[in-house]
Structure formats: C-alpha cells, structure tokens
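S.K.: Next comes the sequence, and after it the predicted model I'd like to discuss.
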Amino acid sequence: MNAWLHEIGVKVEARWRGWAEPMGFGGAMLITLASMAGHRPLPSMAQWSRLAAQASVQALPIVWVVNALVGAIMAFVGAVQLQKFGAGLYVADLVGISVCREMAALITAVVMSGRTAAAFAAELATMRAQEEIDALHVLGLEPMRELVVPRVLVLLGMMPLLFFHACAAALLGGLLVASLMLDLNATIYLQRLMVATSPVHLWLGLGKATVFGAWIALAGCYAGLHAARSAAGVGEAATRAVVRGIVGVIALDAVFAVIANAMGW
Amino acid sequence: MAHIDVRDLRMQYGDQLIQERVSFSVPPGCIFAVMGGSGCGKSTLLRHMVGLQEPASGDVCIDGQGYWGEMDAAQKQAARQRFGMLFQKGALWSTLSVAENVHVPLELHWRDRDEAERAQRVRDVLEWVGLADQADAPVHGLSGGQVKRAGLARAIVAEPEVIFLDEPSAGLDPVTSLRMDDLILSLRDRTGASVVLVSHERDSLFRVADDSIFLDAESRRPLAQGRPAEMQHDGALPLAVRNFLQRKDEQA
C-alpha cells in the first residue's frame, strides 16, 4: 500500500514538475529579456525574417481556412436554432461576439501550437542533438538569450496580426453561411456586427492572442531545449510542445474568462 | 597562455562511473591527446574541461584556479573566453552561413575591434582552413571535411589560449585527415596555443601529440601517460595500451 502511494506521489510530482518547470522557464526568459538592452541576439536579419515568416505568412493559409470553417460552423448552428424563434438576423451577433472575444484567438493558438510550437521544438531539439547548443555554451552565449527570446518576440509580434486575420476569416465564413441559409445580405450582416461587437471584445481577443503566442513559443522552446539528444528525442519534443501548447492555451483561456467576468468585460 | 591542470577527476553519468583518478597537466603550447577505445569517456572528459558538465569530484584548474570549485559565474565566463572548441560533429549553427558561424566568436571577444577588422579576420581564417570560397555557403551544403574545417575556423578565430578538438580526424579520408593534422600543428606553431585533442586515430596521434593520457574503458581509470610515438615501443605498458597503440585488437 505504502509503495503504491509512494509511486502515485512520485508520478504526481513528476507531472507537476513537467508543468511547473516551463513556468520557471518563462520567468527566466523575462529576466533575460530585461537584461538584454543593447545586445543583439545571434539570429541575423535573414534569420529574423525566416522566424517571422514561419510564424506569420507561412501560417496564414491554415489560419484562414480553419477560422473560416469555424465561423461558418458557428453561423450554421446558430442559424438553425435562431431561425426557430424568427431571430435569424442575430446570427451576426453570435458569430461576431464569439469570434472576436473567444474563438479567433483560441483556434489560431491551437493551430500555432500544432505548427509553430512543434517547429520550434524540433529545431531546438535538433540543435541540441547536433551539439549546437553546447557550442553556444562554450562560447559563453546563453541559449535563452540567443534562441528563446527571439522566438518569443517573433510570436508576440505575429500573433496579434494572425488574430486579425483569423477574425476576418471567421466573420467571412459566417457571412457566407448567413447569406446562403438566411438570405442575409452583407450590409445587414455588417450592421449587426457593428452593433453587437464592441472594442472590448476585440481588445480581449487581442490580449489573449498575445499571451497565447508567448506561451506557445515558450512551450516549443522549453521542449526543444530539454529534449533527449537523439532522433527520437526530436519527435518527443515536438509532441510535448504541441500537447503543452494546446492544454496551456485552453487553461489560460479559462483564466481569461474568469478575469473578464470579474472585471465586467 | 593558460596552463591547464586536471586534478583527480571523477566522471559519472548518474550513478554510472565513467572514469576516476584522472589527473594530468597541459602546459602552454602543448598538444595533449586523450586516447582510448570507444566509450571510455574521452569526449566526456573534454566536456568537463570546457565547462559543459560538472565532474562528480575533482577539478579542472586554469592557471591554478579550479573552474568547478573556485570560480564564480563571471570568472567561469572569462575562463571560457580563453577556450575554443571543435565538436565531434562540427556543431556549426545550421541557420547561419559559414562566415557567420566563424564571425560569432569575434562579436563576443573582439568587441573593441571595428567590423572591418573582424570581417578581415574571418576571411583570413577561412583562407587558412581552405574554405574562402565557401564563406557565404549554408552549412548544410558542406561535406564532412569542410564541416570539420569550418568548425576549426570557428574554434580558433578569436585566438583562444586553449583549443579543444573532439575527434578532429574522425570520418575523414586519409588525405583530409592528414591536412587536418597539418592545420593543428601549424595552429600551435603560429599561435602558441595549447591543444587538447580527443582521438582514437593512431596515426594522427603519433604525428601531432606531444603528450597524452590513455583512458581504459574496462578498469575506468587512466592506464598510461606520455608521448604516443614513444609509448608505442614501451613494452612495460599495460597490454590494453600496447594493443591500442599497435592496433592489435580491433576493440581497442
């Protein structure tokens, strides 16, 4: 019985460490960021561009497709229910508020967890396996400063842009369904959108997207820098980054919901 | 120039002992070889010496001061700036070009020089290792020998006092391997730097090493120390060392 309890305790502690250590990693990243005034990290301009493209332009098609489909699905489900009460017009309210406030940031973050967090993890894990991280240490360069901070900054900068694209895609998807199912024209749809959504919804969504971006970058980098030095380690790091990225994003979204409710937003 | 003393080092991975009672000295200008068969802990010893891995006990002293036991973080950072290292697989940063890889140490250690001087130094070093025409090439397009030479260029560009080379000739054809030996000898002669090299390439060891230590995988202790070319004919040495130096046992 005691051994069994001990085993459970050890497993729980290991699980907790698996989540607590990335948070400490985030704190270390902030301290490093604060100490970086005047220091140019390792990536050249070309590398910054590559990182930025990886986290933005290259992700745009999938962000557009997924969010347009989510907007369309929400409009479809909403239209079916609202039509029963003769309130089909309000499908624009439903789509507008849920997309701007919740779904655009959440869905984009999930897509980026599967795409960019995994890519960051795989790249850094490969660098670790190839001793490139050790080469930084020997020179006295900190991986946190040279590799993690640039990736977090890039995703912090790009997630808000992706959020606006996601909103546009989802609202267009909603418009398409509304016009096909409810014969709602674009002018009325947009008018209802303007009435129903307020800047608070957009700011809330934007804030979430930014925080999610930082989490996704940290989850990817942490998994990559703590990977086993092998090909299998690269795969495991990518998987871990995606799982931590998605679960973390959903947990953060719940925190945002509680805060927004408490603040009356 | 730095004087390195390895004092009674005990190396472990978790509970698994790798080597113990490892002690030797590397005076300035010496080419010191760490020899032994596969899995005896040669590369691990190098990782302890360059500050990548803390030993279970013992210390690595640089000019008399223990890296692990006596230096604070700033002193360790300063000590590492006196080192250059060529990793076994080259460990070039894959997102940078060859010239950018070689330039990075200068950004750290030649801050007081202007950019034109740094760029000229990169060109000179790449010329010296025979990679001037590959300066702007991405590193993934290089051959194994070119990766090793680019890694060597990065290791020496900031004129370190001690250069650590992990299997510099491994995987190279005999001609390229010979060229790598020439580069190591010429490097020592030109700069006066000490070189610590890990290798099990017997011919290369005989050509370049002034002094060496033999790590035994079985007893997990050093078995012999001396100049490899002289040790080869020393009948008093343990059998494992003689087998290794005379290549009688394929396992050695």
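M.R.: Ah, there it is. Numbering: from 1, shown residues only, chains lettered A, B, ... in the order given.
S.K.: what residues does stretch A:53-60 touch?
M.R.: A:111, A:112, A:115, A:116, A:119, A:154, A:155, A:158, A:159, A:161, A:162, A:165 (CB atoms under 8 Å, 6 or more residues apart in numbering or on different chains). Using the backbone N, CA and C atoms, a C-beta is placed for each residue, glycine as well.
S.K.: Most widely separated two among these?
M.R.: Using CB to CB, the pair of the contacts of stretch A:53-60 lying farthest apart is A:119 and A:165, separated by 18.9 Å.
S.K.: Specify which residue of the two has the higher count of neighbours.
M.R.: residue A:119 (21 against 17; other CB atoms under 10 Å in any protein chain shown).
S.K.: pLDDT score assigned to residue A:43?
M.R.: With respect to pLDDT, residue A:43 scores 59.
S.K.: Sorry, wrong one. I was asking about residue A:37.
M.R.: pLDDT recorded at residue A:37 is 69.
S.K.: which regions of the stretch 151-265 of chain A sit below the pLDDT cut-off?
M.R.: For the stretch 151-265 of chain A, applying pLDDT under 70 flags no range at all.
S.K.: In it, what residue lies closest to chain B?
M.R.: Using CB to the nearest CB, residue A:229 is the residue of the stretch 151-265 of chain A that sits closest to chain B, at 11.0 Å.
S.K.: I figured that residue hits residue A:126, correct?
M.R.: No - using CB atoms under 8 Å, residue A:229 is not in contact with residue A:126; the gap is 10.0 Å.
S.K.: between these two, who's got more neighbours?
M.R.: residue A:126 (17 against 14).
S.K.: Pull up the gap between the more buried one and chain B, please.
M.R.: 8 Å (CB to the nearest CB, to the nearest Å).
S.K.: Who are the contact partners of that residue?
M.R.: A:234, B:94.
S.K.: Please apply the same query to the one 4 residues further on.
M.R.: Contact analysis of residue A:130 by CB under 8 Å, 6+ apart lists B:89, B:91, B:94.
S.K.: Might one say that residue A:92 is in contact with residue A:196?
M.R.: Yes - here residue A:92 reaches residue A:196: they are 6.6 Å apart, a contact under CB under 8 Å.
S.K.: and residue A:24, how many neighbours?
M.R.: Quick note: residue A:24 (other CB under 10 Å) scores 11 neighbours.
S.K.: just the helices in the chain please.
M.R.: Reading this off chain A. According to DSSP state H, chain A carries its helices in the segments A:2-34, A:45-54, A:60-84, A:91-98, A:104-112, A:118-129, A:132-139, A:143, A:149-182, A:186-196, A:199-225, A:231-263.
S.K.: try chain B instead
M.R.: B:42-49, B:73-80, B:98-109, B:115-128, B:144-156, B:174-191, B:202-208, B:228-231, B:239-246.
S.K.: So which elements touch the fourth one?
M.R.: So that's helix B:115-128. On a contact count with 3 or more CB pairs under 8 Å, 6 or more residues apart in numbering or on different chains; DSSP states H and E, helix B:115-128 meets helix B:98-109, helix B:144-156.
S.K.: Need the winner for burial among these.
M.R.: Of all the helices and strands packed on helix B:115-128, helix B:144-156 carries the top mean neighbour count, a mean of 25, counting by mean count of other CB atoms under 10 Å in any protein chain shown.
S.K.: can you list contacts of that helix?
M.R.: Contacts of helix B:144-156 (CB under 8 Å, 6+ apart): A:135, B:84-87, B:89-92, B:98, B:101-102, B:104-105, B:125-126, B:128-131, B:134, B:139, B:142, B:163-165, B:168, B:171-173, B:176, B:179-180, B:183, B:187, B:191, B:193.
S.K.: How many residues are close by residue 31?
M.R.: Just going to use chain A. Counted with other CB under 10 Å, residue A:31 comes out at 10.
S.K.: That was the other one, I meant chain B.
M.R.: So residue B:31, with other CB under 10 Å, has 23 neighbours.
S.K.: I'd like the distance between it and residue B:210.
M.R.: 5 Å (CB to CB, to the nearest Å).
S.K.: where are the low-confidence patches of the stretch 101-250 of chain B?
M.R.: Using pLDDT under 70, the flagged stretches of the stretch 101-250 of chain B are B:247-250.
S.K.: Can you list the neighbours in contact with stretch A:68-85?
M.R.: Contacts for stretch A:68-85 (CB under 8 Å, 6+ apart): A:88-91, A:94-95, A:98-99, A:103, A:107, A:169-178, A:181-182.
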